[in-house]
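K.L.:
sequence and computational prediction follow.
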Amino acid sequence: MVRILSVLLFITSFSAVAQDEHVKEAKEILPDTKTKKEEIKEFINHHLMDSHDFNLFGSTDEETGETHHYGFPLPVILWDEGLHTFMSSEFDHGKSVVESNGNYYKLYHSKIYRTDAEGTINYDESHHPTNVRPLDFSITKSVLMMLVVGLLLVWLFRSLAKSYAKNGSLPKGLGRFFEPVVLYIRDDIAIANIGENKYKKYMPFLLTVFFFIWFLNMFGLTPLGVNVTGNIAVTTALAVIVFLITNFTGTKDYWKHIFDPLGDGMPWIGKILIYIILVPIEILGMFIKPFALLIRLYANMTAGHVVMMSLIGLIFIFKSWIGGPLSFGLAFAIMLIELLVALLQAYIFTMLAALYFGFASESHEHHEEHEGEIQHL
């Protein structure tokens, strides 16, 4: 078995090396020709980025080399000395300049810039565009998917509520699948981390954020090509909401723990030197916690998409009866793992949010029942 696998690996590697040599020869003859690796890299980067249109798939004309995109446009909403609205199809995937109320706009690397009639993009010394960017309130691909998931959640929970009311608190249909999930979030996440007396006011957010992240992650694994939770702006917004809820619902004991973590067991004269280091760490921890939330969700989902699409891209690089099936098998295995990761990341985000809410809502009586490390010492 080891010898057979070694021979197969050698043949696959030899095939890939031979193809690289052909690509190098083609690059010498046609310098402007993109290699297959460069095309795959651009495709992965395009998949990870947000866009102003919903591109389902594309095809390239072998005779002319022109790429045809199939999908549907989305509305562009700009504020630049007034309101500007038009459909993203007018950009023609960045090939055309759009005129709106006397201003000209061009789509460049998924961002909209104000230009002249020719669509000139100016650069600085670091080759970064210096053109004015208007305020962009467009309905992008990520925004559209968040609206779809939001409407789906409204329909789902309204249907579950009607089903419970109609059948005497007994689940029917989809309720039989989602009821254990809801009960798990209530019993093992909310009550376990916040407490039975105060968990109810946090339950609407915890349920919403769990299903919101879960459904977006699942949509990201479909051929629709959406990567909403891999957008750091989305994960940042979710983390900011957790940060605001945590601090605006924090009790006086929560704030006292931050600015007076040692409590009343030591006079202030003895605590001043310790607090010079300890209090800034506690304040810094207020911001590190939501930052860890946004980075964990963003990094895990982005890495999963990159690995999965890279393995799929190997099929087009090897172009052999050995490398293709191997790449497909690995991509299929990663896809199965991503199904678990999609649920796991929603669970981790919800669990940590409930943990932070539990710290914020902790009262002095609850603190005495569960003695902390400082009080125990």
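P.N.:
Nice, thanks for sending it over. Numbering: from 1, shown residues only.
K.L.:
in three-state terms, label residue 121 for me.
P.N.:
Using DSSP: H, G, I helix; E, B strand; the rest coil, the structure places residue 121 in coil.
K.L.:
oh, I was asking about residue 104
P.N.:
Under three-state DSSP, residue 104 falls in the strand class.
K.L.:
and the residue positioned nearest the centre of the chain, what pLDDT?
P.N.:
Nearest to the mean C-alpha position of the chain, counting by Cα atoms, centre = their mean, stands residue 229 at 1.6 Å. The score at residue 229 is 90. That number is its pLDDT.
K.L.:
for it, which non-adjacent residue is spatially closest?
P.N.:
Spatial nearest neighbour of residue 229, excluding adjacent residues (Cβ to Cβ, 6 or more residues apart in numbering): residue 301 at 4.5 Å. C-betas here are computed from N, CA, C, even on glycine.
K.L.:
helices of the stretch 101-250 of the chain, start to end?
P.N.:
For the stretch 101-250 of the chain, applying DSSP state H, counting those that start in this stretch gives helices covering 141-166, 175-184, 192-194, 203-219, 232-248.
K.L.:
how about the ones you listed, which one is nearest residue 133?
P.N.:
Residue 133 lies closest to helix 232-248 among the helices of the stretch 101-250 of the chain, at 15.0 Å (Cβ to Cβ).
K.L.:
alpha carbons of that closest one, as PDB, please.
P.N.:
Extracted in PDB, the C-alpha atoms of helix 232-248 (Å, rounded to 0.1, in the frame of the first residue of the first chain):
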ATOM      1  CA  ILE A 232     -14.900  41.400   9.100                       C
ATOM      2  CA  ALA A 233     -17.400  44.300   9.000                       C
ATOM      3  CA  VAL A 234     -20.200  41.900   9.800                       C
ATOM      4  CA  THR A 235     -18.400  40.100  12.700                       C
ATOM      5  CA  THR A 236     -17.300  43.500  14.000                       C
ATOM      6  CA  ALA A 237     -20.900  44.700  14.100                       C
ATOM      7  CA  LEU A 238     -22.000  41.600  16.000                       C
ATOM      8  CA  ALA A 239     -19.200  42.000  18.500                       C
ATOM      9  CA  VAL A 240     -20.000  45.700  19.000                       C
ATOM     10  CA  ILE A 241     -23.700  44.700  19.800                       C
ATOM     11  CA  VAL A 242     -22.400  42.200  22.400                       C
ATOM     12  CA  PHE A 243     -20.100  44.900  23.800                       C
ATOM     13  CA  LEU A 244     -23.000  47.400  24.100                       C
ATOM     14  CA  ILE A 245     -25.400  44.900  25.700                       C
ATOM     15  CA  THR A 246     -22.800  43.700  28.200                       C
ATOM     16  CA  ASN A 247     -21.800  47.200  29.400                       C
ATOM     17  CA  PHE A 248     -25.300  48.900  29.300                       C
END
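K.L.:
now do that helix against helix 141-166, angle only.
P.N.:
Comparing the axes of helix 232-248 and helix 141-166 via axes from the mean of the first three to the mean of the last three Cα atoms, to 10 degrees yields an angle of 50 degrees.
K.L.:
next, the buried residues of helix 232-248.
P.N.:
Of the residues in helix 232-248, 234-236, 238-239, 242-243, 245-246 count as buried by neighbour count, 16 or more other Cβ atoms under 10 Å.
K.L.:
same thing with stretch 277-286?
P.N.:
Within stretch 277-286, the residues that qualify as buried are residue 278, counting by 16+ other Cβ under 10 Å.
K.L.:
which outside residues touch stretch 195-210?
P.N.:
Contact partners of stretch 195-210, identified using Cβ atoms under 8 Å, 6 or more residues apart in numbering, comprise 153, 157, 181-182, 185-186, 189-191, 194, 238, 241, 245, 249, 346-347, 349-350, 353-354, 357-358, 361-362, 366.
K.L.:
same thing but 7 Å
P.N.:
For stretch 195-210, contacts defined as Cβ atoms under 7 Å, 6 or more residues apart in numbering pick out 153, 182, 185-186, 189-191, 194, 238, 245, 346, 349-350, 353-354, 357-358, 361, 366.
K.L.:
name the single longest helix found in this structure.
P.N.:
helix 268-318 (DSSP state H).
K.L.:
what angle sits between that one and helix 203-219?
P.N.:
Put simply, helix 268-318 runs at 20 degrees to helix 203-219, going by the same axes, to 10 degrees.
K.L.:
need the next SSE after helix 268-318, C-terminal direction.
P.N.:
Along the chain past helix 268-318, the next helix or strand (assigned with DSSP states H and E) turns out to be helix 323-360.
K.L.:
going by contacts, tell me the helices and strands next to that following helix.
P.N.:
Other helices and strands packing on helix 323-360, by 3 or more Cβ pairs under 7 Å, 6 or more residues apart in numbering; DSSP states H and E, are helix 2-29, helix 192-194, helix 203-219, helix 232-248, helix 268-318.
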